[in-house]
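Colleague: How does the following fold in three dimensions:
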Amino acid sequence: MHKTYSILHVVLVILCCLSFVYGAKLIADAIQAASLLKDSGKPKALSSAMLLTDEEAASYVGLPETDFKELVKKSEAIRKKLSAYDTHRYISFFQINGHRYYSKSTLDQWIDFHMFQSRGKDPFSS
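Modeller: Okay, the predicted model is just below:
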């Protein structure tokens, strides 16, 4: 019986490692796809990647890039002052080497939250 637990532990560790490696590959592929789109001289179509750059995220939500960046800046300034808040009230992103990346699903949740909550009002106005 002790040997069965030992084999089970080995299998679980291997599965955990494989899922970690697969997740890292997915993130790396998404970042590489975003980088390739940004570096190409062609007009940029919205990528099928799950992670979006500032420009792609702005296009995804239908805002000019400067307006989107200002919205993110306001969102961050307000969020940093709070100790607790609704998860989707503010635009979530993470940074790698100074570049921000956004998840499409998180942007969708942010839009849904504000469609329901704000009822046409500016979500970051006083």
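Colleague: Which elements pack onto the lengthiest strand in the chain?
Modeller: When the chain is parsed with DSSP state E, its longest strand is strand 99-103. On a contact count with 3 or more Cβ pairs under 8 Å, 6 or more residues apart in numbering; DSSP states H and E, strand 99-103 meets helix 2-39, strand 51-52, helix 54-61, strand 94-96. Where C-beta positions appear, they are placed from N, C-alpha and C, glycine not excepted.
Colleague: Name the residues linked to the closest residue to Ile27 other than its chain neighbours by a beta bridge.
Modeller: Nearest residue to Ile27, sequence neighbours excluded (Cβ to Cβ, 6 or more residues apart in numbering): Leu51, at 7.3 Å. Here Leu51 sits in beta bridges with Ser103, going by DSSP bridges.
Colleague: Could you measure from Leu51 over to Met115?
Modeller: In this view, Leu51 and Met115 are 23 Å apart by Cβ to Cβ, to the nearest Å.
Colleague: Among these two, which residue is more densely surrounded?
Modeller: Applying other Cβ atoms under 10 Å to Leu51 and Met115 shows that Leu51 carries more neighbours, namely 23 against 10.
Colleague: Pretty sure that one sits against Ser105.
Modeller: No: checked against Cβ atoms under 8 Å, the pair Leu51 and Ser105 is beyond contact range at 10.4 Å.
Colleague: tell me which strands and helices the lowest-mean-pLDDT helix or strand in the chain is in contact with?
Modeller: Lowest on mean pLDDT, DSSP states H and E among the helices and strands of the chain sits helix 2-39, with a mean of 75. Helices and strands touching helix 2-39, as assessed by 3+ Cβ pairs under 8 Å, 6+ apart, comprise strand 51-52, helix 54-61, strand 99-103.
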